[in-house]
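> Below are the sequence and a predicted model for it; my questions follow.
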Amino acid sequence: MIKPRTLSSTRAAAVTQSHIDNYACDLNAILEKYDLKSKPHLIYNLDKTGIQPEHRPSKVITGVSFHYEG
């Protein structure tokens with residue numbers, strides 16, 4: 001079960017009609033640019049919470065190479 005999180009007062013105060021209108025205008029421009037208005041099956045929602053911007057592998061498997069100077 002997923003419970004909704006509270007919205008901070010700072011974030012709530014930042015949401016203005018102007019911001020919403022700008023977002024809607026930008027979204028509409030992108031949907032038109034990529035011809036997605038009639039293709040909702042190609043539109044995905046992404047939650048950035050689980051994204052790790054830096055890749056740090058814990059282990060690397062590699063072969064051993066030798067350099068012979070004779």
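Alright, I've got the coordinates.
> Give me the neighbour count for Met1.
2 (other C-beta atoms under 10 Å). Placement of C-beta: from N, CA and C, glycine included.
> likewise Ala29?
What Ala29 shows, counting by other C-beta under 10 Å, is a neighbour count of 10.
> so where is the chain shaky, pLDDT-wise?
Applying pLDDT under 70 to the chain flags residues 67, 70.
> Looking at it, which helix is longest?
If you go by DSSP state H, the chain has its longest helix at helix 17-33.
> residue contacts, the most centrally placed residue in the chain?
Centroid check for the chain by C-alpha atoms, centre = their mean gives Lys48 as the closest residue, at 4.6 Å. Contact analysis of Lys48 by C-beta atoms under 8 Å, 6 or more residues apart in numbering lists nothing.
> what do you get for Glu32?
Contact analysis of Glu32 by C-beta under 8 Å, 6+ apart lists nothing.
> all helices of this protein, in order?
9-14, 17-33.
> With distance to Ile2 as extra columns, can I get those in CSV?
Below are these laid out as CSV (distance: least, C-beta to C-beta, whole Å):
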stretch, distance to Ile2
helix 9-14, 19
helix 17-33, 24
